[in-house]
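Here is my input; please provide its structure:
(chains A, B, C and D)
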2 protein chains.
Amino acid sequence: MNRGEEDYIKAIYEIESRQQSHDVISNLHLMQYFSHTAQTVNEMIKKLSKKKLVEYIPYKGSTLTEDGRNSAIRLTRVHRIWETFLVEKLGYSWEEVHDEAERLEHITTKKMEERLFIFLGEPETCPHGNKIPSVEYHKEIKEIKKNTLIDAIEKKEYRLESVVDDKEILTYLNHLDVKIGQLFSVSRIDPVNELIELSMNNQTIVIGYKVAKCLFVNAC
Amino acid sequence: MNRGEEDYIKAIYEIESRQQSHDVISNLHLMQYFSHTAQTVNEMIKKLSKKKLVEYIPYKGSTLTEDGRNSAIRLTRVHRIWETFLVEKLGYSWEEVHDEAERLEHITTKKMEERLFIFLGEPETCPHGNKIPSVEYHKEIKEIKKNTLIDAIEKKEYRLESVVDDKEILTYLNHLDVKIGQLFSVSRIDPVNELIELSMNNQTIVIGYKVAKCLFVNAC
DNA sequence: AATTAAATTAAGGTTAACCATAAAAAAAGG
DNA sequence: CCTTTTTTTATGGTTAACCTTAATTTAATT
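Sure, this is the predicted structure:
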């Protein structure tokens, strides 16, 4: 698999995760994701299909085969390991690491992956709080359903578990001095204006639904 | 500059260093170095020439321009920083790091280079004993002429300063348990058979001229 | 200086990853 | 079920990095 193929496999996996479902991913999704033309996406998907990395039903979309899924998970693992390295060892901040890790992941050998993981002390999550998949992906327990702030209930207490790896949102959270593990309570939900009011550290902050969908939380 | 261009620039720099002269590097050299055809080398060199990274005299060869040389030095710096990381932090052995560093160097940003260098404690040499060029290449003192074991004198004492980054030779030195800093004396030179006999740690080892040319030493 | 050998360049081909335009096929909606 | 919209595919184009074969130019040798 080369860079382009890897990018496509990972994109399908990521779009899937975002939707929190295993629906087929349409070519349209990929067009938007990469800003590639229909033609380009179609060619790429047919190539991946020939290689048995995706199963493609024309006019419907693609799903990852077991091979494809394993590759995607392994890329995600490597990506998150590198992100951890950049933050913990090189002092990057969490919104800076995505692009660097994106390039590193494609040139990482099995040996580097293993050594780096051990060097980092076998971390469980990346700097954004996302789980680093284990080496034995296939034995992995199915992903636990994740709750975003959108599903939160008024007056309850929550803990921030993870954040979507999006530069804008990460930078915004820096501003608010919010980190993984932050405790807060939902003081008010305003569905008309699509806002959620949180209180934490003796102050109140207001978050729009768009951002709320990117924050994964657990009641506590 | 993309991967291919960077590889060519670095190759010219390396061939130059090996020859310990600033002679022009012929296309033939590059053909052998990359196992590319004359045509391919010619096209690449003309491209680099158009970009003012090399100065090319047809039927003679190429020299690096100041821009080209700076790029090559910066790539060498990054390469050696990564080699140091792999050996010191990830426990690689010195003959395993070349190819990994080769891929890492092309995706390393200025920021990563800086952070990694500091993280490693601003090392002066790579695991093979070669100097890591400073960030300010242009202010760099001209390379000190290096002496190989070929130039050694019988009965004198030497210290191993650095080794050419060649897998076969590095593995061979592992066998002999020879490391950078090793002290030894030249017990006998046999120019007929092109051999040099060394004594170290109460034992005698015999080295051919081919290997001797790859070992840089200083009298002590 | 003429011949031979070596090195370069020209011409044209391949593959991979992208693109645009337009035709065709399928899905969706009234 | 027929029309509109969406999605796919066919056709053909571009650029980059490689290739081969053959012609040309320069360098080396006698």
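
so what's the single nearest residue of chain A relative to DNA strand C up against?
Minimum separation of chain A from DNA strand C (CB to the nearest atom of the strand) falls at A:T40, amounting to 3.2 Å. All C-beta atoms are positioned from the backbone trio N, CA, C, and that covers glycine. Neighbouring residues of A:T40 by CB atoms under 8 Å, 6 or more residues apart in numbering or on different chains: A:F34.

Likewise for A:P127?
Neighbours of A:P127 in contact, by CB under 8 Å, 6+ apart: A:83-84, A:87-88, A:94, A:97, A:180.

Kindly recompute the last result at 10 Å.
Residues in contact with A:P127, defined by CB atoms under 10 Å, 6 or more residues apart in numbering or on different chains, are A:80, A:83-88, A:92-97, A:101, A:162-163, A:165, A:170, A:179-180.

Restricted to strands, list those.
Within the contacts of A:P127, residues falling in strands by DSSP state E are A:162-163.

Can you give me the buried ones in the host helix or strand of A:Y13?
Secondary structure assignment for A:Y13, by DSSP states H and E: helix A:3-19. Along helix A:3-19, these residues count as buried under the neighbour rule (16 or more other CB atoms under 10 Å in any protein chain shown): A:5-17.

Same check on stretch A:171-189?
Under 16+ other CB under 10 Å, the buried positions of stretch A:171-189 are A:173, A:178, A:180, A:182, A:184, A:186, A:189.

Stretch A:196-208 now?
Buried residues in stretch A:196-208, defined by neighbour count with 16+ other CB under 10 Å: A:196, A:198, A:200, A:205, A:207.

Any idea how far apart the tips of that stretch sit?
Using CA to CA, to the nearest Å, the end-to-end distance of stretch A:196-208 comes to 6 Å.

same thing with stretch A:114-134?
End-to-end span of stretch A:114-134 (CA to CA): 11 Å.

for stretch A:172-190, same thing?
Terminal residues of stretch A:172-190 are spaced 21 Å apart (CA to CA).

is it up against chain B anywhere?
No. Stretch A:172-190 stays clear of chain B (CB under 10 Å from any CB of the partner chain), getting no nearer than 17.3 Å.

Looks like A:N218 contacts A:N147 (just checking).
Yes. Using CB atoms under 10 Å, A:N218 is in contact with A:N147, at 6.8 Å.

any common contacting residues for these two?
A:158, A:161.

pLDDT, distance to B:E105 and secondary structure added to the buried residues of stretch A:171-189, as a markdown table?
A markdown table is the format used below for the buried residues of stretch A:171-189 (pLDDT from 0 to 100; distance: CB to CB, whole Å; DSSP: H, G, I helix; E, B strand; the rest coil):
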| residue | pLDDT | distance to B:E105 | secondary structure |
| --- | --- | --- | --- |
| A:L173 | 94 | 33 | helix |
| A:V178 | 93 | 36 | coil |
| A:I180 | 96 | 32 | coil |
| A:Q182 | 94 | 38 | coil |
| A:F184 | 95 | 44 | strand |
| A:V186 | 95 | 48 | strand |
| A:I189 | 94 | 51 | strand |
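
near DNA strand D, which of the buried residues of helix A:3-19 show up?
Among the buried residues of helix A:3-19, none lies close to DNA strand D by the criterion of CB under 7 Å from any atom of the strand.

quick check, nearest of the residues you listed to A:K155?
Closest approach between the buried residues of helix A:3-19 and A:K155, by CB to CB: A:S17, at 29.9 Å.

In this structure the closest one contacts A:N130, no?
Yes. Assessed by CB under 10 Å, A:S17 is found in contact with A:N130 at 9.4 Å.

what sits in contact with each of those two?
A:76, A:146, A:164.

Now do the same contact list for the first one.
Right, the one you point to is A:T76. By CB under 10 Å, 6+ apart, the residues touching A:T76 are A:10, A:13-14, A:17, A:105, A:126, A:130-133, A:137.

8 Å instead?
For A:T76, the contacting residues are A:10, A:13, A:133, by CB under 8 Å, 6+ apart.

So which bits of chain A are right by DNA strand D?
A:26-28, A:38-39, A:41-42, A:46, A:58-61.

So which of those are in helices?
When the residues of chain A next to DNA strand D are checked against helices using DSSP state H, the ones located there are A:27-28, A:38-39, A:41-42, A:46.

Select, from those, the two members most distant in space.
Of all pairs in these, the most separated under CB to CB is A:L28 and A:K46 at 15.7 Å.

any idea of the angle the top helix by length along chain A forms with helix A:3-19?
Using DSSP H, we find that the single longest helix of chain A is helix A:66-88. For helix A:66-88 against helix A:3-19, the angle by axes from the mean of the first three to the mean of the last three CA atoms, to 10 degrees is 90 degrees.

quick check: mean pLDDT across helix A:66-88?
Throughout helix A:66-88, pLDDT has a mean value of 95.

chain center to that helix: distance?
Here helix A:66-88 is found 10 Å from its chain centre; the criterion is CA atoms, centre = their mean, to the nearest Å.

Ok, stretch A:198-211 next?
Counting by CA atoms, centre = their mean, stretch A:198-211 is centred 22 Å from the centre of its parent chain.

hmm, who's touching that stretch?
By CB under 8 Å, 6+ apart, the residues outside stretch A:198-211 that reach it are A:149-150, A:169, A:172, A:176, A:178, A:182-187, A:194-197, A:215.

For A:E43, give its distance to A:M31.
For A:E43, the distance to A:M31 equals 12 Å [CB to CB, to the nearest Å].

Give me the more crowded residue out of the two.
Counted by other CB atoms under 10 Å in any protein chain shown, A:E43 and A:M31 do not tie: A:M31 has more neighbours, with 16 against 12.

how about the residues of chain A near DNA strand C?
Chain A comes close to DNA strand C at residues A:2, A:4-5, A:35-40, A:43-44, A:47, A:58-60, as judged by CB under 7 Å from any atom of the strand.

Which one (most neighbours) among these?
Neighbour-wise, the residues of chain A next to DNA strand C (other CB under 10 Å) top out at A:M44, 20 neighbours.

that older thread, could you find which two of the buried residues of stretch A:196-208 are furthest from each other?
For these, the maximum inter-member distance is 12.3 Å, found between A:I196 and A:M200 (CB to CB).

what is the mean pLDDT for stretch A:38-47?
93.

how far does that stretch sit from the chain's center?
Computed by CA atoms, centre = their mean, the chain-centroid distance of stretch A:38-47 equals 24 Å.

Extract the C-alpha set from that stretch and format it as CSV.
The C-alpha coordinates for stretch A:38-47 follow below in CSV (Å, rounded to 0.1, in the frame of the first residue of the first chain):
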residue,chain,number,x,y,z
ALA,A,38,-15.6,12.0,-8.6
GLN,A,39,-13.4,10.4,-11.2
THR,A,40,-10.4,10.3,-8.9
VAL,A,41,-12.3,8.8,-6.0
ASN,A,42,-13.9,6.3,-8.4
GLU,A,43,-10.5,5.2,-9.7
MET,A,44,-9.0,4.9,-6.3
ILE,A,45,-11.9,2.9,-4.8
LYS,A,46,-11.8,0.5,-7.7
LYS,A,47,-8.2,0.0,-7.2
